[in-house]
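*Asks:* I would like the atomic coordinates for the input below:
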Amino acid sequence: LKHFGRKGLEPGDILVTNDAYLTGSHLNHFTFSLPIFHQGVLSGFACCMAHWPDVGGTLDGVTTDIYSEGLQIPIVKYQRSGTVNEDLVDIIRMNVRLPERAMGDLRAQITAVKTGERRFLELLDRYGRGEVLAAIRNIMDHSEAAARARTRAIPDGTYEAESFMDDDGVEIGKRIAIKVRVIKKGEEMTIDLSEVSRQVRGFYNSGATTGHACAQVAYKCLTSPTDYPVNDGSFRSLKVILAPGTVVSAVKPAAMRWWMTFPMTIVDTVFKAMQQAIPERTIAGHHADLVVTSLNGISPRDGRFYIANIGPLGGGWGAKQSEDGMSATVCLNDGDTHNSPCEQVEAKFPVLFERHALREDSGGPGRHRGGLGTEQVVQARAPMMMNVQVDRVHCPPWGLAGGKDGMGNQVTLRIGGKEITDLPNAKVLTRRLQTGDAFTLRAGGGGGFGSPLERPIERVQEDVRQGYVSLKAAREWYGVVIDPQT
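*Replies:* Sure, this is the predicted structure:
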């Protein structure tokens, strides 16, 4: 509406953009929006954002500006009054490496927004536009009331916490500071992210939309995570403070390709701050990374170029005051993504999974133990390029209330039969793998909650029996000595 105005939209229009600074993410996210007209009146929008595997741009290494990351499309009309802009489709098709997949994604998204339009119009026809829109307003008002009620139960005060990211992939070893401040007063909360790091040279930046999303995710989890649907009313009692040009409010031409990594740690840091006020609603740190490897090469099967992702890899989530953390679970940013079966990946791409298992002792010790991370060892069955962009090696998932840290993420290589384990971080970029070479991805565990000495002995015994905790860790962290023979 801000871009076209009401008079600039008409029935049969479909809009598209992948503007990273508008959506807050990266150019791979294409968003289609269909204005819904009911009896000639604009009554809503059907929208669909989806990740495309390739949008052109530099394939390997770290990008340092948006122009090297692929095709940029401002808000334009993919379809005008029912007529598709074929010139735009041709431009997209010519600028991607996998046009058949891009066109398939495009058609799927168009089907999604048209389905949304049809179903919403059915509601309007059945109940009336005024009644449906009034019901939507009532739902949002109810969400607002619930959020305000839960916010009032939080003690007033100012709460702060800090953490950091390993580096930006360009200036290796230079930590990226994360600092958050939460101000709670009455039935409103302010989350101040103005002191997180300035935008960085590497591709870990995201736009202001993501900065707001960080605060909203944290606020929703702290107030009413399951009490009501997520909608605009949920956040009317939340104020977000951002400063232009930070890693979650980046401005052009900041690189954005790996936008999703830093925001997860920012959300966890908000939880860390609020542990001072509401420990029963907070959670210790989690592995906070997709732990994904990007591969590309020529398939020996059919001679065609391919792009493959190994992951996201499930890791450990933090423990809470009332329970252990979840194990082998995909990180916060990709809650709609599931672990891919190894056999499915092996069937599509020239790789062999030598190992996929839980990481013993990766969960932070505590009265409630952090969840366990996982480990994958993947062998190349043909020459290929490899890129890994993993963070949180040097800032392990923290424990709360006396709980201990979980293990951080890790990447190692096996090149020509030799193990390489002394990498400065977990960012391995533009690495050529030959047949038989391998890489190991290790997702971190979650932080523990409460003193590990308070964990019941029988639960420690069961952890050891299951292989979650070693005999050594049981003795050194939990104070439990177990006879391995009995």
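
*Asks:* low pLDDT regions in the protein?
*Replies:* Applying pLDDT under 70 to the chain flags the ranges 228.

*Asks:* Could you point out the longest helix of it?
*Replies:* Looking across the chain with DSSP state H, the single longest helix is helix 99-127.

*Asks:* The spatially most central residue of the chain and residue 289: what is the separation?
*Replies:* Centroid-nearest residue in the chain: residue 333, 2.0 Å away (criterion: CA atoms, centre = their mean). As judged by CB to CB, to the nearest Å, residue 333 and residue 289 stand 9 Å apart. No exception for glycine: its C-beta is placed from N, CA and C like everyone else's.

*Asks:* Same question for residue 269.
*Replies:* Counting by CB to CB, the separation of residue 269 from residue 289 is 15 Å.

*Asks:* Neighbour count for those two, which is higher?
*Replies:* residue 289 (29 against 26; other CB atoms under 10 Å).

*Asks:* Correct me if wrong: the more buried one contacts residue 390.
*Replies:* Yes. At 5.4 Å, residue 289 and residue 390 qualify as touching, with contact defined as CB atoms under 8 Å.

*Asks:* who touches both of residue 333 and residue 289?
*Replies:* 261, 264 (CB atoms under 8 Å, 6 or more residues apart in numbering).

*Asks:* For residue 240, give its distance to residue 177.
*Replies:* With CB to CB as the criterion, residue 240 and residue 177 are 19 Å apart.

*Asks:* More neighbours: the two, which one.
*Replies:* Set side by side, residue 240 and residue 177 show more neighbours around residue 240, with 20 against 13, by other CB under 10 Å.

*Asks:* so when I look at that one, I'm seeing a helix, right?
*Replies:* No. Counting by DSSP: H, G, I helix; E, B strand; the rest coil, residue 240 is not part of a helix but strand.

*Asks:* Quick one: residues contacting it.
*Replies:* Residue 240 neighbours (CB under 8 Å, 6+ apart): 190, 191, 193, 211, 212, 215, 216.

*Asks:* So which of these is the closest to residue 56?
*Replies:* When the contacts of residue 240 are ranked by distance to residue 56 (CB to CB), residue 211 comes first, at 26.7 Å.

*Asks:* just to revisit the earlier point, pretty sure the residue nearest to the centre of the chain is in a helix, no?
*Replies:* Yes. Residue 333 forms part of a helix when assessed by three-state DSSP.

*Asks:* quick one, what contacts it?
*Replies:* Residues near residue 333 by CB under 8 Å, 6+ apart: 260, 261, 263, 264, 290.

*Asks:* As CSV, these with secondary structure would be great.
*Replies:* Below are the contacts of residue 333 laid out as CSV (three-state DSSP):
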residue, secondary structure
260, coil
261, helix
263, helix
264, helix
290, coil
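
*Asks:* of those residues, closest to residue 456?
*Replies:* If you rank these by distance to residue 456 using CB to CB, residue 264 comes first, at 31.3 Å.

*Asks:* correct me, but that closest one touches residue 335?
*Replies:* No. Applying CB under 8 Å, one finds residue 264 not in contact with residue 335, separated by 10.6 Å.

*Asks:* Those two: which is more packed in?
*Replies:* For residue 264 versus residue 335, neighbours defined as other CB under 10 Å are more numerous around residue 264 (23 against 10).

*Asks:* that older thread, the longest helix of the chain: what's the following helix or strand?
*Replies:* Per DSSP states H and E, the first helix or strand lying C-terminal to helix 99-127 is helix 129-152.

*Asks:* Tell me how far the closest residue to residue 98 other than its chain neighbours lies from residue 306.
*Replies:* Among residues not flanking residue 98 along the chain, residue 54 sits closest, at 5.1 Å (CB to CB, 6 or more residues apart in numbering). In this view, residue 54 and residue 306 are 10 Å apart by CB to CB.

*Asks:* do the same with residue 397
*Replies:* 33 Å.

*Asks:* do the same with residue 63
*Replies:* Look at residue 63 and residue 306: by CB to CB, they are 21 Å apart.

*Asks:* Residue 43 too?
*Replies:* Between residue 43 and residue 306 the computed distance is 43 Å (CB to CB).

*Asks:* re earlier: how far off helix 129-152 does the longest helix of the chain point, in degrees?
*Replies:* Between helix 99-127 and helix 129-152, the angle comes out at 100 degrees (axes from the mean of the first three to the mean of the last three CA atoms, to 10 degrees).

*Asks:* Pop out the phi and psi values for residue 233.
*Replies:* Dihedral pair for residue 233: phi -60, psi -30, per degrees, to the nearest 10.

*Asks:* I'd like to know how many residues surround residue 140.
*Replies:* Close neighbours of residue 140, defined as other CB under 10 Å, add up to 18.

*Asks:* ok, now residue 123?
*Replies:* Residue 123 has 17 neighbouring residues, counting by other CB under 10 Å.
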